[in-house]
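>>> test case, fold it:
(chains A, B, C and D)
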4 protein chains.
Amino acid sequence: MIIVMGQGAGQEDLNRVVSMIETKGLSVHLSEGVEHTIVGAVGDVRRLVVEELEVLAGVQRVVRIMHPFKLASREFKAESSVVNVDGVQVGAEQVVVMAGPCAVENRDVLLETAEGVAAAGAQVLRGGAFKPRTSPYSFQGLGEEGLRYMAEARETTGLKVVTEVLTPEDVDLVASYADILQIGSRNMHNYSLLSAVGEVDVPVLLKRGLMSSIEEWLMAAEYVLAKGNEKVILCERGIRTFEKYTRNTLDLSAVPLVKSLSHLPIIIDPSHGTGRWDLVSAMSLAAVAAGADGLLVEVHPRPEEAQSDGGQSLKFPVFQEMMRLLSPVAEAVGRTVNVREAT
Amino acid sequence: MIIVMGQGAGQEDLNRVVSMIETKGLSVHLSEGVEHTIVGAVGDVRRLVVEELEVLAGVQRVVRIMHPFKLASREFKAESSVVNVDGVQVGAEQVVVMAGPCAVENRDVLLETAEGVAAAGAQVLRGGAFKPRTSPYSFQGLGEEGLRYMAEARETTGLKVVTEVLTPEDVDLVASYADILQIGSRNMHNYSLLSAVGEVDVPVLLKRGLMSSIEEWLMAAEYVLAKGNEKVILCERGIRTFEKYTRNTLDLSAVPLVKSLSHLPIIIDPSHGTGRWDLVSAMSLAAVAAGADGLLVEVHPRPEEAQSDGGQSLKFPVFQEMMRLLSPVAEAVGRTVNVREAT
Amino acid sequence: MIIVMGQGAGQEDLNRVVSMIETKGLSVHLSEGVEHTIVGAVGDVRRLVVEELEVLAGVQRVVRIMHPFKLASREFKAESSVVNVDGVQVGAEQVVVMAGPCAVENRDVLLETAEGVAAAGAQVLRGGAFKPRTSPYSFQGLGEEGLRYMAEARETTGLKVVTEVLTPEDVDLVASYADILQIGSRNMHNYSLLSAVGEVDVPVLLKRGLMSSIEEWLMAAEYVLAKGNEKVILCERGIRTFEKYTRNTLDLSAVPLVKSLSHLPIIIDPSHGTGRWDLVSAMSLAAVAAGADGLLVEVHPRPEEAQSDGGQSLKFPVFQEMMRLLSPVAEAVGRTVNVREAT
Amino acid sequence: MIIVMGQGAGQEDLNRVVSMIETKGLSVHLSEGVEHTIVGAVGDVRRLVVEELEVLAGVQRVVRIMHPFKLASREFKAESSVVNVDGVQVGAEQVVVMAGPCAVENRDVLLETAEGVAAAGAQVLRGGAFKPRTSPYSFQGLGEEGLRYMAEARETTGLKVVTEVLTPEDVDLVASYADILQIGSRNMHNYSLLSAVGEVDVPVLLKRGLMSSIEEWLMAAEYVLAKGNEKVILCERGIRTFEKYTRNTLDLSAVPLVKSLSHLPIIIDPSHGTGRWDLVSAMSLAAVAAGADGLLVEVHPRPEEAQSDGGQSLKFPVFQEMMRLLSPVAEAVGRTVNVREAT
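Numbers count the residues shown, from 1 in each chain, chains lettered A, B, ... in the order given. Predicted structure coming up:
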């Protein structure tokens, strides 16, 4: 870290900066320029907080040279991580498709959906049992009953199961049913929850907050990693912008960017990312071409009956067609997709 | 709610829309236009979800006429609410100033700060014992120890105490020390936490999410109100935009807007709203002129020693000067401030 | 258009609304609901302005059913437009790659670049002679001298030429040299300029404003089309968001969205869209997979010597590799790329 | 400016950086740290472009210490500028209120409005003769006819006149009628236009672009100043965000921020800033409390008849009441307002 002292800074100001750095166990390299004295902090700069230094008298600018995340970084681990979800490898050659309804509504529809997406080549079933809803008057999910249906769908189809956990006290419960714990976009900054899922030995699907920078997102991953859970899968799902035709703006540049900054696998949720079923297929192809390790797609046998997000869900035939289109694109970039031809 | 059918919509499409509305207990008023058939839903439209209707075949547009929040709305309660914080009235004639450090760092600094802000006219002491931090390597707060210092500061100064709660399981603990429970910006969408603070009888300071719309914010308040806790104080603290000179963009238009939409009191946090101590005083004056019911300001005896957010904290003399400047502005808009002349 | 009258609206209010609609030559269809009277305006609703109606006493909501653009819309012209750039077809099966330096700096570098990109398969040479620069102290371009070099490069390589025009009075000059007139992001709302390029018979490359919604962008195209120039190519180049790792956020969902709303071809500028050369290739692949009709890419023989935007420019070998990677992706979605194998 | 070399940078990389700096006439101060070599550039660093340095091999970070604007900066001119508009001083003790319709629609309404706002204390009449409109089918303004009505209104009321100019070729025409040339939000990045108004001796009202940073805005002012026109008045009019209740988000923190960065006066447009007439008064009070030097407010005798922006225009009685409320707030912050009591 480099601290640039202002032109009017005195010796006392300089001493205070040096003292703060040394107090935290780092050493100091001083350089007196023509206009500015520059202080270099040498050592584990993650112990220093930019804001603490900036506020010191005489300090003009503080420049962080390193990223604030460590365990999540490519520097820490050069090789790309592959997260093993009970045999399904996320981050390996095959692009993993996770599909299913937004919310688990009832047993029959879930099982029907599970069979439909499995038949088309999905390897993981998505579905929310605990739902974060903007309105307290909206359907909040079936809770544990929904988890049981997810587990039953796993039995009948062989799909792995990903589902959201909303609060630390539910982590053990959800982990007892799910193959992947999903941290939703609204909870990306919920550090209590991040710490809680960091303490179990279950893969975590960490959605980017709709208002979060990529740096904050990787810092959220750092919370999980720092607690000891290395099985983190990142999921970009659209950020909030001024554009109104789409529900969110899907930031696909996050794919190559995350791959350069981090070793963690990254998948794309084009359903929430656009909010429109008619854009999902095109954005799925784009995601795979950009290098995504997987997709999280909403599928529903009859979207017009769905209790949430029906407008962004694909019907079976559209999903099958999408899987068919994905295959040559995946191959074009050296990947594969588990597409199955309709019989 | 009004549902506009597309030009190609058939009788079957229309029947499906009518059926969904009637299933939820509302009645229907049909109007056949030259180009479009329009379906009006009459009754408690909060039972209808726009997205569920939009996805039905033949539907072109769904238009919500009413706001999605009810208990928080001005229509539900025409009279402005005053939240009684153990004798300090938030939403009454006097503008309530809440001040203190970002985080409770140690007993001595907290007591020193409490005395400093009380002497200048603050009526509530702010200070975080549980801190949500972007980095897992940053200071996370003193926890219950910090709460005890806050309570001690209340004893010695008579100030009321506001402090943040991060997770549902801590609500009872924090409520046993605090006069106001703060829900931070990062937790505005944490519905488990909102529900939990809705179930205690302690005033709640609900910060706007840094990328949340005002409608979503009032829906978050609705969660608390729906659980039975009517003592909600809203707090605007800046939203995330592209501007880089300030940490956030303080949205002061939220003040008159919230006052027209809702009966709840609203206060302003110019410290997080700008991230720069040198802008805090000007924005505090502006907030009071716009009609804010209070301010939440970071004050620290020696910001250069603060463990978080030092750059946005006011020193005592600046805070005193700000209180002095506030008084005539408050009077100009028919309000008062509890300013005390330095002796 | 549908106007929803408020519950308290009287007969006089209703008359005023009806009168405004009829004055503009449209007819009215009235429907009295249980709670609201609804006024439908029938005819060419583009003559009505939402804001003019919203402000009338008694009006609660005005709902536009149709898009505000007409000539640009898919409804107006169902078949996708192909823009013929002197033999190069934009919007046809082949994905058209436009490449070159940000600014024309001098004759030698431009000719070198033109040969380099042509050898790799580019069909159009990009390069700015008039440069819009944030600082008045930055290099503003070579002006007509730069245009002459562009024309010379066309002679020697056979590439078509696209270059920016900044002001109405330069349109004829630039049009006398260029095959495509570029309207830059900062000028998307410059209606005088849009009208001016609408009056010449030269293809227009219309970049999306960095702060513009897709609707506003299509309205900008409408300005050009309304003046009689049908040869409009849209170009998405990233929008401004809070994310800081990238210069802009490339909105690839604009590709399928524009294709559903409009018949105009759309290309992608991944160089400005990301601001980082190391992301350009991945985003180019994604753009083609999403259905883009072309790419606009910055290439420079020695980016470290470039007078602007060097950090987002590709060197020749990286550009050649990108072209090679594009080919199978284009084929995977039924398109082709004019890739040439290095000899 | 400080250039931080990466850990792997070699002597050749360093030489290239030093050479670029020296070529531009600056001198170099080298400092070899433990991990990084740091290059300080000493001299007129505005000749250096950050992006040109960042792209050089071996460079890790480039840190700008000074602002990129010079003539607009407080460092260049410590004393606050007062712009003399034919006797009305903008930036002096009195808060200057500019009011009138969005567009000049016809002679009678304009004269009626001018008399109404003058009677309430406005000192400058606003009104657009050339209107930038999103739709080519909307009313585009009366052109020179509108300018004549503005001049006539000046004759009859004594008000000064501010009106927008859209294109360089119209600058002389508009300047022959107007006391202040307005550069609208959509043209803040129109550098041809900025240069053109920099060459006349008429005050310029420079609106912030709706998605422009404050730095970019001050750079736009720099264009005008660099051409020799020192009479620049800045006008904040709201920025584009995700919030939907308001048309834009009014960034009032721009007031104290601009005052610290620049010597130029700054006024606020709460009409476009919120898009809602019912928020205009509260935000005007807030603007004055924050230190604004003036207001730009839309007023119309009958907003329901206005051809644009009726929903954000104040009627005469509301405007008069606003002026009455402004007076004590202005006094509270040491300013005055030219309020006139209704007779």
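
>>> quick check, A:V161 in a strand?
Yes - checked against DSSP: H, G, I helix; E, B strand; the rest coil, A:V161 lies within a strand.

>>> residue contacts, it?
A:124-125, A:127, A:150-151, A:153-154, A:177-180 (C-beta atoms under 8 Å, 6 or more residues apart in numbering or on different chains). Any C-beta I mention is one placed from the backbone N, CA and C, and that applies to glycine too.

>>> in stretch A:102-117, what counts as buried?
Buried residues in stretch A:102-117, counting neighbours by 16 or more other C-beta atoms under 10 Å in any protein chain shown, are found at A:102-105, A:109-117.

>>> ugh, typo on my part, it should be stretch A:328-338
By 16+ other C-beta under 10 Å, the buried positions in stretch A:328-338 come out as A:328-330, A:332-333, A:335, A:337-338.

>>> is stretch A:240-249 up against chain C anywhere?
Yes - Stretch A:240-249 reaches chain C (C-beta under 8 Å from any C-beta of the partner chain) through A:241-246, A:249.

>>> which ones among these also lie next to chain D?
A:241-242.

>>> filter the residues of stretch A:240-249 next to chain C to the buried ones?
Buried, going by 16+ other C-beta under 10 Å: A:241-243, A:245-246, A:249, out of those.

>>> does the lowest-mean-pLDDT helix or strand in chain A reach chain B?
Least confident helix or strand, chain A: helix A:50-54 with a mean of 78, by mean pLDDT, DSSP states H and E. Yes - interface with chain B: helix A:50-54 contributes A:51-52, A:54 (C-beta under 8 Å from any C-beta).

>>> quick check on those residues: which are buried?
A:51-52.

>>> redo the residues of helix A:50-54 next to chain B as TSV? Include distance to D:A290.
Shown next, in TSV, are the residues of helix A:50-54 next to chain B (distance: C-beta to C-beta, whole Å):
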residue	distance to D:A290
A:E51	25
A:E52	29
A:E54	24
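
>>> which residues of chain A fall in helices?
A:11-23, A:50-54, A:107-120, A:144-157, A:171-177, A:191-198, A:214-226, A:254-261, A:270-274, A:277-290, A:316-332 (DSSP state H).

>>> now the longest one against helix A:277-290, angle please.
Using axes from the mean of the first three to the mean of the last three C-alpha atoms, to 10 degrees, the direction of helix A:316-332 lies 20 degrees away from that of helix A:277-290.

>>> wait, does helix A:316-332 contact chain C?
Yes - residues of helix A:316-332 are located near chain C by C-beta under 8 Å from any C-beta, namely A:325, A:328-329, A:331-332.

>>> run through chain A and note the low-pLDDT ranges.
Filtered on pLDDT under 70, chain A yields the residue ranges A:308, A:341-343.

>>> chain C versus the residue of chain A at minimum distance from chain B, what's the distance?
Closest to chain B within chain A is A:M211: 2.9 Å, counting by C-beta to the nearest C-beta. The gap separating A:M211 from chain C is 7 Å, by C-beta to the nearest C-beta, to the nearest Å.

>>> spatially nearest residue to that residue, not counting backbone neighbours?
B:M211 (2.9 Å; C-beta to C-beta, 6 or more residues apart in numbering or on different chains).

>>> how about A:A57, what does it touch?
A:A57 makes contact with A:9, A:13, A:16, B:304, according to C-beta under 8 Å, 6+ apart.

>>> please read the previous query as pertaining to A:D179.
A:85-86, A:124, A:154, A:160-162, A:202-203.

>>> top of those residues by neighbour count?
Counting neighbours by other C-beta atoms under 10 Å in any protein chain shown, A:V124 leads the contacts of A:D179 with 27 neighbours.

>>> ok, that one touching A:M98?
Yes - assessed by C-beta atoms under 8 Å, A:V124 is found in contact with A:M98 at 3.8 Å.

>>> quick check: neighbours shared by those two?
Joint contacts of A:V124 and A:M98 (C-beta under 8 Å, 6+ apart) are A:V162.

>>> the domain parsing of chain A - what is it?
Per the record, chain A has its domains at A:2-63, A:83-337, by automatic domain parsing.

>>> so how far is the last one from its chain's centroid?
Using C-alpha atoms, centre = their mean, to the nearest Å, the distance from the centre of domain A:83-337 to the centre of the chain it belongs to is 9 Å.

>>> cool, and the first one?
Between the mean C-alpha point of domain A:2-63 and the mean C-alpha point of its chain there is a distance of 35 Å (C-alpha atoms, centre = their mean).

>>> can you get me the start-to-end distance on that domain?
5 Å (C-alpha to C-alpha, to the nearest Å).

>>> who's A:I183 bridged to?
Note on A:I183: beta-bridge partners A:L206, judged by DSSP bridges.

>>> roughly how far apart are it and C:G121?
44 Å (C-beta to C-beta, to the nearest Å).

>>> those two: which is more packed in?
The neighbour comparison of A:I183 against C:G121 (other C-beta under 10 Å) goes to A:I183, with 26 against 20.
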